[in-house]
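Engineer: Sharing a sequence plus its predicted fold:
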Amino acid sequence: MAHKKLNLPQKICPVCQRPFTWRKKWERDWAQVTYCSEQCRRKKDARGDKQA
C-alpha cells in the first residue's frame, strides 16, 4: 500500500502568498515556521519586513 500524505497542515507564505504543507523536518517547530523556503525568508529581509 502506498503512503498517502493526506490532511497535512498548511500555511500561507507571507512573501510569495503560496500555500505550503507541513514537512517532517519542521515537526518540532511547526508553530514557528513562517516562510515556505529559505529563499522567501531572505526576500522578506530585502523588502524591509524585518521584525525586531
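Structural biologist: All right, it came through fine.
Engineer: okay, and for this structure, where does confidence drop off?
Structural biologist: 1-2, 46-52 (pLDDT under 70).
Engineer: hmm, 50 instead?
Structural biologist: Along the chain, the parts satisfying pLDDT under 50 run over 52.
Engineer: And what about residue 11, helix, strand or coil?
Structural biologist: Judged by DSSP: H, G, I helix; E, B strand; the rest coil, the three-state class of residue 11 is strand.
Engineer: For it, grab the count of nearby residues.
Structural biologist: 15 (other C-beta atoms under 10 Å). C-betas here are computed from N, CA, C, even on glycine.
Engineer: can I assume it is in contact with residue 23?
Structural biologist: No - between residue 11 and residue 23 there is no contact under C-beta atoms under 8 Å: 11.2 Å.
Engineer: Look up how far residue 3 lies from the most centrally placed residue in the chain.
Structural biologist: By C-alpha atoms, centre = their mean, the chain has its centre lying nearest to residue 36, at 3.1 Å. Distance, residue 36 to residue 3, using C-beta to C-beta, to the nearest Å: 22 Å.
Engineer: for residue 21, same thing?
Structural biologist: Residue 21 is 14 Å from residue 3, by C-beta to C-beta.
Engineer: Please say which of the two ends up with more neighbours.
Structural biologist: Neighbours per residue, other C-beta under 10 Å: of residue 21 and residue 3, the larger number sits with residue 21, 11 against 5.
Engineer: for the more buried one, which residues make a bridge with it?
Structural biologist: Residue 21 has these beta-bridge partners by DSSP bridges: residue 10.
Engineer: could you list every residue that touches it?
Structural biologist: Residues in contact with residue 21 (C-beta atoms under 8 Å, 6 or more residues apart in numbering) are 5, 8-10.
Engineer: from those, which single one is nearest residue 32?
Structural biologist: Nearest to residue 32 out of the contacts of residue 21 is residue 9 (C-beta to C-beta; 13.4 Å).
Engineer: my read: that closest one touches residue 30, true?
Structural biologist: Yes - the criterion here is C-beta under 8 Å, and residue 9 meets it with residue 30 at 6.9 Å.
Engineer: Next, show the common contact partners of the two.
Structural biologist: Joint contacts of residue 9 and residue 30 (C-beta under 8 Å, 6+ apart) are residue 22.
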